[in-house]
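J.: The following block contains a protein sequence and its predicted model.
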Amino acid sequence: MKGENHGRIVFKPYTMNQLNLPVSLDSCIPVNHLVRIVNRVLEEMRLEPLLKQYKGGGTSSYHPKMLLKVIVYGYTQRIRSSRQIAKAVRENIHFMWLSGGNQPDFRTINRFRSSMKPVIKEVFQSLMTYLTEKGYVKLESYFLDGTKIEANANKYSFVWKKSTQKNQDKLREKVKQILDEIDRANELEDRIYGDHDLAELGEQAIEDPAALEELVKNLNQALEGKGKRDKRVKVTRRNLRKLSKDCLPRIKRYKEQLQAIGQQRNSMSKTDPDATFMRMKEDHMSNGQLKPGYNVQIGTENQFIIGYSIHQHPGDTRCLKEHLHGVKQMYGRLPEKVCADAGYGSEENYEFLKENGITPYVKYNLFHHEQKSIVRNNPYRRENMPYDPAKDEYLCPNGRKLLFRRIKHRKSDAGYISEIRVYECEDCTGCPYRPACTKSDSRNRRIEVNERLEVLKAEARINLLSEAGIAMRKRRCIEPENAFGHIKWCWNFKRFLLRGLDKVKTEWGLMCIAYNLSKLGAMNGAR
């Protein structure tokens, strides 16, 4: 019929198992692809520390450079599990090209990643050397910040230091009572230990589980052959069972837990003893609950991560010195300028920066609060009260004197001691300004002055309000925050895959290498 289209259906050729040219995977990968950046940079890096891990002999090994490439590229693609990487090496053309046709299994990949613990810092340093030679970083301006990342541990496996110590004290009293009861029930100690008191020996054994175990063993041997119907023997045997089955395991457990927590922490996780319970911003329940995690610190320049460290305490204040010590070990020198937020502004940190000739652009707690006019003009603030250095006294808005009373010392969690001068008003009785001046109804107005800190804060304030300081503060918002945002939200890295402090350091080091290569690729138009 006219007007009707009777064209036949045509399909593109579809023939399986047909050999197609070219057969090289290289032709399937775009010239500006990220995988080429990863390959080129790792080829040019000096990886001698990694190669020294191999002693030689035995069967042939997969080349460590190949394994490092596939792991780092996997991290840039949000593929971090050793099983997922092993699967990608068999199925993904980018991984297949990068591995050169090798197909290591997940055990090989995981074993290689674990073997990088002693050399991960040196591999990261090699990347920094490459970036420095290419002019991407200069170690002049150092932007420091931290975040908390959840550990691979059960969030209900907490062990609190104070609770453990309290339970240990209760258990100590229970052991004393049991030993006293054994002592009263029979006269075994005279035959076994002579003139020694069983309770006294028990007191020594409580602190040493091995000694308590030996004491229970000796008492059990002394009861061998005793009549089963003897009430004193029954009481003794029942109490020895309590010691061996209940008390002794708990003494060992409490001792191990306190040793694992150490002096610097207040908690740990049973499933990852190196993890500390911290408050996380990424709380799916929105109730500020504590989770086992690590405090991750990074320093950036030109949005590249040039230094990192992992800490077990949640506060950022204690991390600055330890972090910068690691930077000095890596580069042989410290950066010229350090910019950080108010979480790092302490007397100890300001002293450290000043002693090492570093220009600090580090805010303190009330820096922004002090810039408000209502605060600057508040006559009741200690900073706004007239001070007479000759008499060492302040003058309150009512004209009454605040006299020097004493010096007290304040010790930080890190052991740093600050000297505080305490001043007290001579008499606040009947003062009409008292409700606005002090919250106390029973005592006179008191103020505390840390003179050294005030001097350091004044120097920091000058730096922060200068033209260079304002520029540094503007950059800080886009330097480390960009790295954390990319890693935690774009790559969804909010929880460590590995357990233990050493393995966590290795994993984060690989993540920093992957981020820097991804950033380098973005700057060079890679996709």
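T.: Perfect, I can see it now. Numbers count the residues shown, from 1 in each chain.

J.: rest of the way, CA atoms for contacts and neighbours
T.: Fine.

J.: okay, now Glu383: neighbour count?
T.: 13 (other CA atoms under 10 Å).

J.: Shouldn't it be within a helix?
T.: Yes: residue state for Glu383 (DSSP: H, G, I helix; E, B strand; the rest coil) corresponds to a helix.

J.: So for it, what's the pLDDT?
T.: With respect to pLDDT, Glu383 has a value of 90.

J.: same deal with Asp230?
T.: 68.

J.: With Asn110 instead?
T.: Taking Asn110 on its own, its pLDDT is 95.

J.: which non-adjacent residue is nearest it?
T.: Spatial nearest neighbour of Asn110, excluding adjacent residues (CA to CA, 6 or more residues apart in numbering): Ser82 at 5.7 Å.

J.: Near that neighbour, how many residues? Count them for me, please.
T.: Based on other CA under 10 Å, the number of other residues close to Ser82 is 20.

J.: Give me the local confidence score for it.
T.: In this prediction, Ser82 has a pLDDT value of 96.

J.: ok, it - contacts?
T.: Ser82 sits next to 106-107, 109-110 when contact means CA atoms under 8 Å, 6 or more residues apart in numbering.

J.: helix, strand or coil for Pro360?
T.: Following three-state DSSP, the label given to Pro360 is strand.

J.: what secondary structure does the closest residue to it other than its chain neighbours sit in?
T.: Nearest in space to Pro360, with sequence neighbours left out and distances taken as CA to CA, 6+ apart, is Val338 at 5.3 Å. Following three-state DSSP, Val338 is assigned to strand.

J.: I figured Val338 hits Tyr361, correct?
T.: Yes: at 5.9 Å, Val338 counts as touching Tyr361 under the criterion of CA atoms under 8 Å.

J.: out of these two, which sits in the more crowded spot?
T.: Shown here are Val338 and Tyr361; by other CA under 10 Å, Tyr361 has more neighbours (29 against 20).

J.: Tell me who's in contact with the nearest residue to the more buried one once chain neighbours are set aside.
T.: Distances taken as CA to CA, 6+ apart place Cys339 nearest to Tyr361, at 4.5 Å, with adjacent residues excluded. Going by CA under 8 Å, 6+ apart, Cys339 touches 141-144, 360-362, 472-473, 476.

J.: and Cys339, what pLDDT?
T.: On pLDDT, Cys339 comes in at 97.

J.: Pairing partners for it in the sheet, please.
T.: Phe143, Tyr361 (DSSP bridges).

J.: low pLDDT regions in the protein?
T.: Counting by pLDDT under 70, the ranges of the chain that qualify are 1-6, 20-22, 185-206, 225-230, 282-287.

J.: Quickly list the domain ranges of it.
T.: Here the domain assignment for the chain is 1-118, 159-268, 277-367+467-523, based on automatic domain parsing.

J.: could I get the ones you listed as TSV with distance to Arg434?
T.: Formatted as TSV, these follow (distance: least, CA to CA, whole Å):
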stretch	distance to Arg434
domain 1-118	61
domain 159-268	40
domain 277-367+467-523	24
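
J.: Pick the most deeply packed of those.
T.: Ranked by mean neighbour count, those are led by domain 277-367+467-523 with a mean of 18 (mean count of other CA atoms under 10 Å).

J.: First-to-last residue distance for that one?
T.: 38 Å (CA to CA, to the nearest Å).

J.: Distance from the chain centre to that domain, please.
T.: 10 Å (CA atoms, centre = their mean, to the nearest Å).

J.: picking up where we left off before, now for the domains of the chain, which one comes closest to Ile420?
T.: Of all those, the one in closest proximity to Ile420, counting by CA to CA, is domain 277-367+467-523 (11.9 Å).

J.: so what's Gln168 up against?
T.: Neighbours of Gln168 in contact, by CA under 8 Å, 6+ apart: 251, 254.

J.: and it, that one's in a strand?
T.: No: with three-state DSSP as the criterion, Gln168 is located in helix rather than a strand.

J.: Tell me how far Ser126 lies from Ala514.
T.: 13 Å.

J.: correction: Lys174
T.: Computed as CA to CA, the Lys174 to Ala514 distance reads 55 Å.

J.: before we move on, what about Asp341?
T.: For Asp341, the distance to Ala514 - CA to CA - is 26 Å.

J.: swap in Thr132?
T.: Relative to Ala514, Thr132 is positioned 17 Å away (CA to CA).

J.: Going along the chain, name the strands of the chain.
T.: With DSSP state E as the criterion, the chain has strands at 141-150, 158-160, 267-269, 276-279, 290-301, 304-311, 337-340, 359-362, 387-388, 393-395, 401-411, 417-425, 446-449.

J.: tell me which residues in stretch 443-452 are buried?
T.: Neighbour-count burial for stretch 443-452, counted by 16 or more other CA atoms under 10 Å, picks out 444-448.

J.: Closest one of the residues you listed to Lys242?
T.: Nearest to Lys242 among the buried residues of stretch 443-452, with distances taken as CA to CA, is Glu448, at 54.1 Å.

J.: circling back to that earlier point, give me the common contacts of Ser126 and Ala514.
T.: Between them, Ser126 and Ala514 share no contacting residue, judged by CA under 8 Å, 6+ apart.

J.: what residues does stretch 344-357 touch?
T.: 316-318, 320-321, 334, 336, 359-360, 362-365, 416, 418, 452-453, 456.

J.: what does stretch 449-464 give?
T.: Residues outside stretch 449-464 that contact it (CA under 8 Å, 6+ apart): 346-347, 350-351, 360-364, 367, 418-422, 469-470, 473.

J.: Once you drop chain neighbours, what's closest to Tyr423?
T.: Phe404 (4.3 Å).

J.: no no, Arg495
T.: With sequence-adjacent residues excluded and distances taken as CA to CA, 6+ apart, Arg495 is closest to Glu150, at 4.7 Å.

J.: give the contact list for that neighbour.
T.: 280, 291-294, 494-496.

J.: Distance-wise, check it relative to Pro292.
T.: 6 Å.

J.: What of Lys155?
T.: 6 Å.

J.: between the two, what contacts are shared?
T.: Common contacts of Lys155 and Pro292 (CA under 8 Å, 6+ apart): Ser269.

J.: circling back: could I get the contacts of Glu150 in TSV, plus columns for distance to Leu25?
T.: Listed next are the contacts of Glu150 as TSV, based on distance: CA to CA, whole Å:
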residue	distance to Leu25
Met280	44
Lys291	45
Pro292	44
Gly293	41
Tyr294	41
Lys494	34
Arg495	34
Phe496	33
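
J.: need the helices for the stretch 151-300 of the chain, in chain order.
T.: Assigned by DSSP state H, counting those that start in this stretch, the stretch 151-300 of the chain shows helices spanning 161-185, 188-193, 198-207, 209-223, 231-242, 248-261.

J.: out of the ones you listed, which comes closest to Lys411?
T.: The closest of the helices of the stretch 151-300 of the chain to Lys411 is helix 161-185. By CA to CA, the value is 19.7 Å.

J.: Determine the angle, from 0 to 180 degrees, between that closest one and helix 209-223.
T.: 20 degrees (axes from the mean of the first three to the mean of the last three CA atoms, to 10 degrees).
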